[in-house]
Each structure stands twice: as C-alpha cells, then as structure tokens.
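Trainee: pasting the structure only:
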C-alpha cells in the first residue's frame, strides 16, 4: 500500500475524527510506576524555583526539595554536596552512620522506606542527582503545542502509532521547533542529521526537522519501524532515545521485552539515566497533560486558525512560493519553520521540487493555489514569447 502523504493526512484530519488508542502500556513493574510518579512531580508540580535531590536509580527516593526565589541552583548545589558526603559515610560505616549527624539521619530515614534502596546505600552504590522543576516549561510547551498537537495525534494514528506518543516533544524539547542539542539533534523531535535525512530534506536553506508536521510524520514512521523491530511500544519509544540497535541488544542480553526489568538489570555502557527514564517521562506527560487540559484548550482556542498542507503541483522557486502564499516573511516562517534564514536571502531562487509540502492557514489555501497558478502561467507565457522571438 502506498504511504499516505502529509497533505492527505492533514486533509483527512480536517474531515474526520481520529481513532483513539487505549493508551500507552503502563507496565506492571514498580520501576515504571516510580519513574512516572517522580516525573509527574517534575513536570506537573514543581517550577524552576525548585530543585529535587534524588537517587538516580530509585526514582521514589527524594532526599530533599530545595525551593528559593533567587539563587536556587547555587543553594541546591550546597545541599547536594552535603548529602553526597553523608551518603558516602554509609558505605564506610554501615547503618551506624545515621548517628553521625542530622544529614546522615535524614538519609537513613528516607532510604529505610525501600529495602532495595537501603541495600544500595549500605553497599556504596547510591548515586545522587539534581533535578530542576519543569512545570513552568511544561505550561509554555502547552502553548507551543496548541496549534499542531491534534494534527500530530492524527498523523500518528494514521501511521499505526498510539496518539499519546505524539506528546513525546514534551520530553524531548518542550515543543520548541528551534531546539538544538549539543550533539546536533534539531527541532522539537530532536532528529540527528543521519536519521533525519532518511525521512526529511535537510540542507543549508531547508531543514524539515524544524517543521512541526513534517517532523511528526517522520517521527511516527521511525517509531513504527522501532516497534516492528522490537515488538512493544515501551521498547520502541525507549529506542527513540537509545537507538533500536541498543535496545535490541538489551532485549537479547536478558531474553525479555520487559522494560522495567531491563532498566534494573541491563548494564550497557550508554544505557544511562536519560534512556532508562525516557518512557517513564512520557507516561508522566500523559497525566500532567490531562491535569492541564483546560489550559491547553484555552491556548488552542486562542490560536484559532485551522491549517492545511499544500503539495506543490510542480516545481517552484522559494521566492515564488512565498509570494504565492500572500504572507509576510515572519508569518510564513511561523507556519513553515523548516525554511531557514538563507531561504529568504541567497537561496530565494532555489527550486523546490514537485510534491514539496507547504503549511498554510486554511483561509489562505485557495488564494495560494490561484497565485501559484498565475505565477507559473506567466513564466510559461514568458518562455513561449522568448522562444518565438
């Protein structure tokens, strides 16, 4: 069967309701439940004026919550160092370390609530971590997501991926299409160049990783490929961060598809905190999104505009496409952030191929088609005149 194009998917969304999935598998593992609980606090309760001091491997173990209007990071680092020193004493002195001071007593009281965490403390295996609250970021991301999220959910459903996975950019980039990581991942879906080029155009003037809808279609197809290789959505989603080969290796090493088991037992070098928590973060996002549904609907209503994806019937230059849209540069880029700054300068006369997709407000579509037709007609007439001359 021929794959649906972005144009057809967006048009279909405009005409119908999309299929709802039962939701993402929650898993029976305590590991995933604990991770979900922790990240729900991070995304949905604590803001940027708060840091959590917690155990890297036991998400339910939070030693302290440091809140301060100004200088909170500096203050949190001071407490973090003191807790690290206290934790080390249990590796050398055992349980009796709790009698060495108030900080050590606090560590003992928290870790005794979980036998596995307590055992790691006494064995010297505890590694602490600082985590900033992100509820402020989440609310900003809701506003960024509002114009496009329902289209993305429909795209995912059409590609056979649970629509909830379309909310993954809350984890990856907080829905920033301009996000860029230190290793070169770009856009709200954080595609690396090598992977991105398998699904999208990436050049000096066009980078479809920055397009909310084109990158969503690419992400859906990439994730469906992961699922076909790995057999479960928790593994497929984890592979979005860790890579399908890495997750396949973990699965083969332990002979199981149970993500919770792999998180606890797989010791792969690059299978670190980010990969282990990736799926748990997405589970937390679902709850926090539901809790903030009213705010999301407010943002969605404020945006108001319905969008359409237009596929070029024949090749046009960038300049011609922009002129046909009837939009100014800033507004055109608002809907098409995959057009980089050079596209409006030295590369304005570069040709875009037949089938290239442009995203516009629905009320601009008819005018765009008419304008494009007239532009192309003028070019054809001019060529014909020159030929006769």
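Mentor: Yep, it's here. In this text, all values refer to a predicted model and were calculated from it rather than measured experimentally. Numbers count the residues shown, from 1 in each chain.

Trainee: ok, residue 42 - contacts?
Mentor: The contact partners of residue 42, taken as Cβ atoms under 8 Å, 6 or more residues apart in numbering, are 52, 131, 133-135, 284. C-betas here are computed from N, CA, C, even on glycine.

Trainee: So which of the residues you listed belong to helices?
Mentor: If you go by DSSP state H, the contacts of residue 42 have 135, 284 in helices.

Trainee: Could I get the full set of helices for the stretch 51-200 of the chain?
Mentor: 72-93, 102-111, 115-122, 135-145, 149-158, 169-172, 193-196 (DSSP state H, counting those that start in this stretch).

Trainee: Worst mean pLDDT across the helices and strands of the protein, which element?
Mentor: helix 6-15 (a mean of 50; mean pLDDT, DSSP states H and E).

Trainee: Not counting its neighbours along the chain, what's nearest residue 51?
Mentor: Leaving aside its sequence neighbours, residue 51 sits nearest to residue 76 (Cβ to Cβ, 6 or more residues apart in numbering; 3.6 Å).

Trainee: Any regions of the stretch 251-389 of the chain where pLDDT drops low?
Mentor: The stretch 251-389 of the chain contains residues with pLDDT under 70 at 304, 382-389.

Trainee: Please enumerate the strands of it.
Mentor: Assigned by DSSP state E, counting those that start in this stretch, the stretch 251-389 of the chain shows strands spanning 307-311, 316-317, 351-352, 357-361.

Trainee: who's in contact with the lengthiest helix in the chain?
Mentor: Longest helix in the chain by number of residues (criterion: DSSP H): helix 365-388. Contact partners of helix 365-388, identified using Cβ under 8 Å, 6+ apart, comprise 308, 310, 312-314, 316, 320-321, 323-326, 358, 360.

Trainee: same thing with stretch 341-356?
Mentor: For stretch 341-356, the external contacting residues (Cβ under 8 Å, 6+ apart) are 5, 204-206, 311-319, 321-322, 329, 333.

Trainee: Over to stretch 86-96?
Mentor: Contacts for stretch 86-96 (Cβ under 8 Å, 6+ apart): 97-98, 100-101, 103-104, 106-108, 121-124, 126, 128.

Trainee: thinking again about what came up before, name the member of the contacts of helix 365-388 with the shortest distance to residue 154.
Mentor: Ranked by distance to residue 154 (Cβ to Cβ), the contacts of helix 365-388 are led by residue 308 at 13.1 Å.

Trainee: hey, what's that closest one bridged with?
Mentor: Beta bridges link residue 308 to residue 360 when assigned by DSSP bridges.

Trainee: count of neighbours near it?
Mentor: A total of 20 residues lie near residue 308 under the criterion other Cβ atoms under 10 Å.

Trainee: Walk me through the domains of this structure.
Mentor: For the chain, automatic domain parsing gives the domain ranges 15-29+137-300, 49-132, 305-388.

Trainee: May I see those domains arranged in CSV, with distance to residue 37 as well?
Mentor: CSV is the format used below for the domains of the chain (distance: least, Cβ to Cβ, whole Å):
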stretch, distance to residue 37
domain 15-29+137-300, 8
domain 49-132, 7
domain 305-388, 35
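
Trainee: for the helices of the stretch 51-200 of the chain, which one sits closest to residue 223?
Mentor: helix 149-158 (8.0 Å).

Trainee: Mind giving me the packing neighbours of the closest one?
Mentor: Counting contacts by 3 or more Cβ pairs under 8 Å, 6 or more residues apart in numbering; DSSP states H and E, helix 149-158 packs against helix 6-15, helix 212-230, helix 293-303.

Trainee: Take the ones you listed and write them to TSV, including distance to residue 165 and mean neighbour count.
Mentor: Converted to TSV, those look like this (distance: least, Cβ to Cβ, whole Å; neighbours: other Cβ atoms under 10 Å):
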stretch	distance to residue 165	mean neighbour count
helix 6-15	16	17
helix 212-230	6	22
helix 293-303	17	13
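
Trainee: Which of these sits closest to residue 59?
Mentor: Residue 59 lies closest to helix 212-230 among the helices and strands packed on helix 149-158, at 23.2 Å (Cβ to Cβ).

Trainee: Mind checking what helix or strand follows that closest one in sequence?
Mentor: Helices and strands here follow DSSP states H and E; after helix 212-230, the next one along the chain is helix 233-242.

Trainee: Quick check, residue 67 in contact with residue 49.
Mentor: Yes - contact criterion Cβ atoms under 8 Å: residue 67 and residue 49 qualify, at 5.9 Å.

Trainee: the more surrounded of the two?
Mentor: For residue 67 versus residue 49, neighbours defined as other Cβ under 10 Å are more numerous around residue 49 (16 against 13).

Trainee: Was I right to think residue 335 contacts residue 359?
Mentor: Yes - using Cβ under 8 Å, residue 335 is in contact with residue 359, at 4.7 Å.

Trainee: shared neighbours of these two, which are they?
Mentor: Contact with both residue 335 and residue 359 is made by residues residue 307, according to Cβ under 8 Å, 6+ apart.

Trainee: on that earlier part again, just the buried subset of the contacts of helix 365-388, please.
Mentor: Buried members of the contacts of helix 365-388, counted by 16 or more other Cβ atoms under 10 Å: 308, 310, 312, 316, 320-321, 324-325, 358, 360.

Trainee: Distance to residue 232 added to these, as a markdown table?
Mentor: Listed next are the buried ones among the contacts of helix 365-388 as a markdown table, based on distance: Cβ to Cβ, whole Å:
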| residue | distance to residue 232 |
| --- | --- |
| 308 | 35 |
| 310 | 37 |
| 312 | 39 |
| 316 | 44 |
| 320 | 47 |
| 321 | 42 |
| 324 | 45 |
| 325 | 43 |
| 358 | 37 |
| 360 | 38 |
